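Trainee: Give me a model of this one.
(2 chains)
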Protein chains: 2
Amino acid sequence: MSLPDTYRALTSTVGEDGQLRMEMVERPMPTPKNDQVLIRVEAAPINPSDHGVMFGYSDMSFATNDDGALIAPVPEAGMRMMKGRIGQALPIGNEGAGTVVAAGDSDAAQALMGKTVAAMGGGMYAEYRVVPVMQVLPLGDDHTARQGASSFVNPLTALCFPETMRQEGHSAIVHTAAASNLGQMLVKICKADDIPLVNIVRREEQAEILRNIGASHIINSSDEDFIPQLIDAVHETGATLAFDATGGGRLASDILTAMEAAAARTPGAYSIYGSIHHKQVYLYGALDPSPTTLTRGYGMAWGVGGWLLPNFLAKAGMETAIRLRQRVASELTTTFASHYTDEISLDDALKADIVARYNAKKTGEKFLVNPTL
Amino acid sequence: MSLPDTYRALTSTVGEDGQLRMEMVERPMPTPKNDQVLIRVEAAPINPSDHGVMFGYSDMSFATNDDGALIAPVPEAGMRMMKGRIGQALPIGNEGAGTVVAAGDSDAAQALMGKTVAAMGGGMYAEYRVVPVMQVLPLGDDHTARQGASSFVNPLTALCFPETMRQEGHSAIVHTAAASNLGQMLVKICKADDIPLVNIVRREEQAEILRNIGASHIINSSDEDFIPQLIDAVHETGATLAFDATGGGRLASDILTAMEAAAARTPGAYSIYGSIHHKQVYLYGALDPSPTTLTRGYGMAWGVGGWLLPNFLAKAGMETAIRLRQRVASELTTTFASHYTDEISLDDALKADIVARYNAKKTGEKFLVNPTL
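Mentor: Presented below is the predicted three-dimensional model:
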């Protein structure tokens, strides 16, 4: 099979001039080394976790197109936050899938020739991508690249929530933005693994999505009696761990308040310092970019912190990572099925009107980049 | 030695009527059981950590005296927070010291007869207090009750900061409200144990106190260039752990921002998700009762949480607790010397004008309750 001399890829650059520039670049076609394979990318999802590299702290409400590139102004504070990336053309697209069209000399690499594989290598919004064999997940023979495109970020994140729960001694989970693609996977995992899960959504349509896949505890944060409902659900499940995709505002604090109120229902001596069992909320997303506000009315045994998949996997070790990947591969079209509402080309991904749509991060909407279009 | 039939003690009660009432009660003199001793309390400090039980969520700006008792209104939100203690006359005073005037039959108890001891048993704002032998720290023969009154809360808290540091894999500490009694102990401990310590104060007089005891990194948060100074100090020391006594506002978030900025000075690949090394701020006090605000501009490897001495000691285990107590006893008049600006009687502790003074929690001011006055 003969390959072209060059390929096209998307990059994002913050310039000294205070502008973020997302654009198409042409790169020479690489030759895979010994333990590498070259993937022709056929499908790569746009995840909320991609937006950070793509748009950074630019003001996307002023995004425009300039000769095919996407341009957005960066406020002064944003420039300070992004000092470390000024002038660097960063590759974008965390994960994707496609066909192995060239392989290094090693047996492991050669064994993948012609196979459909998924990879989390970064730079997947590109026609081609070289990755080490170790970062590749071979898909089943009957799986398409589209089916395997989202094999890493959402499935592994959803699987790592119960892993975190077990490692840190909790027995149930609270999840926010629970009707998301990831949230639906978590519902299925927790059902299969018998883990009590409290799902927090913001709208009735989202509650409906979760009811349809058999979620038990669904709470709408727009309800007037949201907090009492949450306390009841936390009390019933015994959840002392939460994963919050919104990040900003008071939701994390409200969850801790509910956990403390639930703990107080169990009779015991009053302590001014609150319940002793540790209550933890991990912020794994930033759907709400405003500051996080903690009212601290929940004693002293609590924690709030960032949670990031690669950091967790690095601590959990290779054995865990392999076990979880195997589960993803074997449940790819059931538990971990992803649904896309839009399939776009690399060129489309730069168009301001299309960017505005996928940057809106609406529940139920999910974009797939297909570099072969 | 003959003991009176009753003794006087202070209690704090939140009533159904929405009032907090701190008052003197008369109790029958107890007889120590087998493994208990009866202490005649001669000195008990008023620590910030006592205020919670004493005043709870009442509005102390409206505190008045009523026939010897201290009365303060409790706002509706405060009543909700304190539902668990309504109607209970809670004993107050976490720690103190005095003379053992009666002992149970066990050898351990009998061995303490006549000795000057310290104890962290709660209810120490009282003329007498029965405690289990295990909760007692025998003082040196040449130590007075006044010298030993603060043997637990501040010394153990200060000692447990480096313990936490080692357990969680950090190598330096940032401390706020650093000129406090506890902060000065921490300066001495870190100097002796070669632990880099960054001290944050709010006023020049506080910086002066710390300079006089040989602290190296002292930063005034009132300085205009506070954040750049903090980044420099964090970078020099490599601190990724902080203990914050203020709790509210943006200080914890600013410390994390400084830690992230310091980490970014070490050249390496840019990551949108920030530095990988975990950055932690523990809130161990609430000098600022306003909500904690987290701007989250510090990547994903960070945590903020409550820190409470008894919870930490319970996890650390008996061996650690004994080792730390022994160090307190042997350095009682050096590292762990406490200075009191006011010595008051039990009756004084109820007087609204005196309460207003010790409730102000001014750096450098420290009150000692002497129930024998």
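Trainee: The closest residue to A:Ala263 other than its chain neighbours: how many residues sit nearby?
Mentor: Computed as Cβ to Cβ, 6 or more residues apart in numbering or on different chains, the closest residue to A:Ala263 that is not its neighbour in sequence is A:Ser275, at 3.7 Å. Backbone N, C-alpha and C define where each C-beta goes, glycine included. Neighbour count of A:Ser275, defined by other Cβ atoms under 10 Å in any protein chain shown: 21.
Trainee: Tell me which residues touch A:Ser275, please.
Mentor: A:Glu260, A:Ala263, A:Ala264, A:Gly299, A:Ala301 (Cβ atoms under 8 Å, 6 or more residues apart in numbering or on different chains).
Trainee: element containing A:Val100, please.
Mentor: For A:Val100, the host element (DSSP states H and E) is strand A:96-103.
Trainee: try A:Arg211
Mentor: Using DSSP H and E, A:Arg211 maps to helix A:204-212.
Trainee: Quick check: buried residues in that helix?
Mentor: Residues A:Gln206, A:Ala207, A:Ile209, A:Leu210 are the ones in helix A:204-212 that count as buried (16 or more other Cβ atoms under 10 Å in any protein chain shown).
Trainee: What strand or helix carries A:Tyr7?
Mentor: Taking DSSP H and E as the criterion, A:Tyr7 maps to strand A:6-14.
Trainee: any idea which helix or strand comes after that strand?
Mentor: As assigned by DSSP H and E, the chain's next helix or strand after strand A:6-14 is strand A:19-28.
Trainee: ok, and for that following strand, which residues are buried?
Mentor: Buried residues in strand A:19-28, counted by 16+ other Cβ under 10 Å: A:Gln19, A:Leu20, A:Arg21, A:Met22, A:Glu23, A:Met24.
Trainee: Can you get me a residue count around the residue nearest to A:Ala321 when sequence neighbours are not counted?
Mentor: Distances taken as Cβ to Cβ, 6+ apart put A:Leu313 closest to A:Ala321, at 5.2 Å, once the chain neighbours are dropped. Counted with other Cβ under 10 Å, the neighbours of A:Leu313 add up to 18.
Trainee: same check, this time on the one 4 residues further on
Mentor: Here the number of neighbours of A:Gly317 (other Cβ under 10 Å) works out to 9.
Trainee: coming back round to it: can you tell me the strand partners of the strand holding A:Val100 and which way each runs?
Mentor: Applying DSSP bridges, strand A:96-103 is found paired with strand A:36-45 (antiparallel), strand A:116-119 (antiparallel).
Trainee: Take those and lay them out in TSV including mean neighbour count and mean pLDDT.
Mentor: Output for the strands paired with strand A:96-103, formatted as TSV (neighbours: other Cβ atoms under 10 Å in any protein chain shown; pLDDT from 0 to 100):
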stretch	mean neighbour count	mean pLDDT
strand A:36-45	26	97
strand A:116-119	26	96
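Trainee: and B:Arg357, which of the ones you listed is closest to it?
Mentor: Closest approach to B:Arg357 among the strands paired with strand A:96-103 is made by strand A:36-45 (62.6 Å; Cβ to Cβ).
Trainee: distance between stretch A:96-106 and the chain's centre?
Mentor: Put simply, stretch A:96-106 sits 25 Å off its chain's centre (Cα atoms, centre = their mean, to the nearest Å).
Trainee: In it, which of the residues would be classed as buried?
Mentor: Judged by neighbour count using 16+ other Cβ under 10 Å, the buried positions of stretch A:96-106 are A:Gly96, A:Ala97, A:Gly98, A:Thr99, A:Val100, A:Ala102, A:Ala103, A:Gly104, A:Ser106.
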